[in-house]
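Asker: my questions concern the predicted model and sequence given below.
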Amino acid sequence: MTISDRIFERLNQLSMTQKEFAEKTGILQSTISEWKKNKTNPSSDKIMAICQTLDVSPEWLLSGVDPAASRGKNQKYYVVDVATDTGVLISEFNQLEKSQRDRILGYVQAFVAIKNDK
């Protein structure tokens with residue numbers, strides 16, 4: 001099964017039209033129709049928007065792997081929009097030196113310990 005096959009299978013499961021899908025992802029409806037008509041796959045820059053809209057993991061969309069029959073939602077990684085607070089935090093954190101990152105992780109662990117003591 002191709003990526004586009006999985007997309008259209010999931011659209012059917014969600015009872016979502018191609019028009020609704022296009023509006024939610026920001027992908028042109030003509031582009032989506034081309035995937036179906038020519039059995040082609042979306043470009044890599046569209047994968048994350050597709051995954052968010054269809055509520056699937058990139059792993060499932062790209063490979064069809066469905067750990068624990070949960071569409072790959074038990075993965076040990078996060079998909080984060082860089083425009084969110086979390087995305088900004090991660091981007092900035094990754095630019096720090098290791099000693100600075102370690103210090104921030106120490107603060108986080110201290111906050112979690114305080115929270116757990118309450």
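Answerer: Done, it's in. Numbers count the residues shown, from 1 in each chain.

Asker: for Glu92, give its distance to Val112.
Answerer: Separation of Glu92 from Val112 (Cβ to Cβ, to the nearest Å) stands at 20 Å. No exception for glycine: its C-beta is placed from N, CA and C like everyone else's.

Asker: over to Val65?
Answerer: Taken as Cβ to Cβ, the spacing of Val65 relative to Val112 amounts to 31 Å.

Asker: before we move on, what about Met48?
Answerer: Between Met48 and Val112 the computed distance is 29 Å (Cβ to Cβ).

Asker: and for Arg103?
Answerer: If you measure Arg103 against Val112 using Cβ to Cβ, the figure is 15 Å.

Asker: likewise for Lys19?
Answerer: In terms of Cβ to Cβ, Lys19 sits 44 Å off from Val112.

Asker: could you do Leu11 as well?
Answerer: Following Cβ to Cβ, the distance that separates Leu11 from Val112 is 40 Å.

Asker: those two: who's more crowded?
Answerer: Using other Cβ atoms under 10 Å as the criterion, Leu11 and Val112 rank with Leu11 on top: 18 against 10.

Asker: count the residues that sit near the nearest residue in space to the more buried one that is not next to it in sequence.
Answerer: Ranked by Cβ to Cβ, 6 or more residues apart in numbering and with sequence neighbours excluded, the top spatial neighbour of Leu11 is Phe21, at 5.9 Å. Here the neighbour count serves as a burial measure; for Phe21 (other Cβ under 10 Å) it reads 21.
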